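> Build me a model from this:
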Amino acid sequence: MYFSSVVQKQYEDKYGEKEMIPVAANDVAFSIHAVLLTAITLFQITIYERGSQRVSKTAYGIIVVVLLTAATCFFIALPKHHWLWLLFVFNGIQVCLTIIKYIPQAVMNFRRKSTEGWSIGFSLLDFSGGIANYAQMSIQSIDQGSCKNLYGNVGKVLISLVTVLFDIIFICQHYLLYPANNSTSETTTEHNNCKSLEQSLVENV
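Have a look, this model is predicted:
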């Protein structure tokens, strides 16, 4: 939407010519940064040792469903150039994938009654980003005197909502529900590391 005048025109026809386009330069920068970091992570997966870890059949199934859905919707939108509708579909897919991405970690923390191995710093930064995103959209709405930029970019609103809600869950798990378990796990890990170091020193001597 940020680069396409055609999509911008469709947005103006739907929500009004005086409404600002709800995609700013920082949104584009965030998307580029997310794609680059994801590509780096995928590259690391291919070159580093991962033991018995494999991509699950469920993950492959989700990928296939997403690709088929995206392709089908593209060919539906193609004849009449309904690109704005297609963007809304892609936003919906992104919201679903965001939910799917967070659920396994929340369930794992619940089953283990611990957040050991999960970066709470990531959740805190993610939570801050979600709040900042809502602040930005609220300021834009106040500036325009309209809330159309909220439901005109419902994908961004829902993704931020899902992110903030799951971050709250992770923060509660880490600091309120399982703090003692995390401390015990960290102490045990440090103890095991010290024992391994001592054994290594003895063997070298």
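> drop to CA atoms for contacts and neighbour counts, all remaining ones
Will do.
> Let's verify Trp118: helix, strand, or coil?
At Trp118, secondary structure determined by DSSP: H, G, I helix; E, B strand; the rest coil is coil.
> Which phi and psi values does it adopt?
phi -100, psi 130 (degrees, to the nearest 10).
> all helices in the protein, in order from the N-terminus.
Counting by DSSP state H, one finds helices in the chain at the ranges 5-15, 25-47, 57-77, 83-112, 120-144, 148-151, 154-172, 179-204.
> Dump these to CSV, plus mean pLDDT.
CSV is the format used below for the helices of the chain (pLDDT from 0 to 100):
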stretch, mean pLDDT
helix 5-15, 85
helix 25-47, 89
helix 57-77, 95
helix 83-112, 94
helix 120-144, 89
helix 148-151, 79
helix 154-172, 93
helix 179-204, 53
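> Those helices into JSON lines, with extra columns for mean neighbour count?
Shown next, in JSON lines, are these (neighbours: other CA atoms under 10 Å):
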{"stretch": "helix 5-15", "mean neighbour count": "16"}
{"stretch": "helix 25-47", "mean neighbour count": "11"}
{"stretch": "helix 57-77", "mean neighbour count": "13"}
{"stretch": "helix 83-112", "mean neighbour count": "15"}
{"stretch": "helix 120-144", "mean neighbour count": "15"}
{"stretch": "helix 148-151", "mean neighbour count": "17"}
{"stretch": "helix 154-172", "mean neighbour count": "19"}
{"stretch": "helix 179-204", "mean neighbour count": "12"}
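> pretty sure Tyr11 is touching His82, no?
No. The pair Tyr11 / His82 is not scored as a contact, 10.7 Å apart, by CA atoms under 8 Å.
> And Ile139, how far from Gly152?
Ile139 sits 15 Å away from Gly152, going by CA to CA, to the nearest Å.
> I figured Asn133 hits Ser160, correct?
Yes. Assessed by CA under 8 Å, Asn133 is found in contact with Ser160 at 7.2 Å.
> what do these two both touch?
Shared contacts of Asn133 and Ser160 (CA atoms under 8 Å, 6 or more residues apart in numbering): none.
> From Phe3, how far out is the closest residue to Val95 other than its chain neighbours?
Excluding the flanking residues, the one nearest Val95 by CA to CA, 6 or more residues apart in numbering is Ile159, at 5.3 Å. Distance from Ile159 to Phe3, counting by CA to CA: 21 Å.
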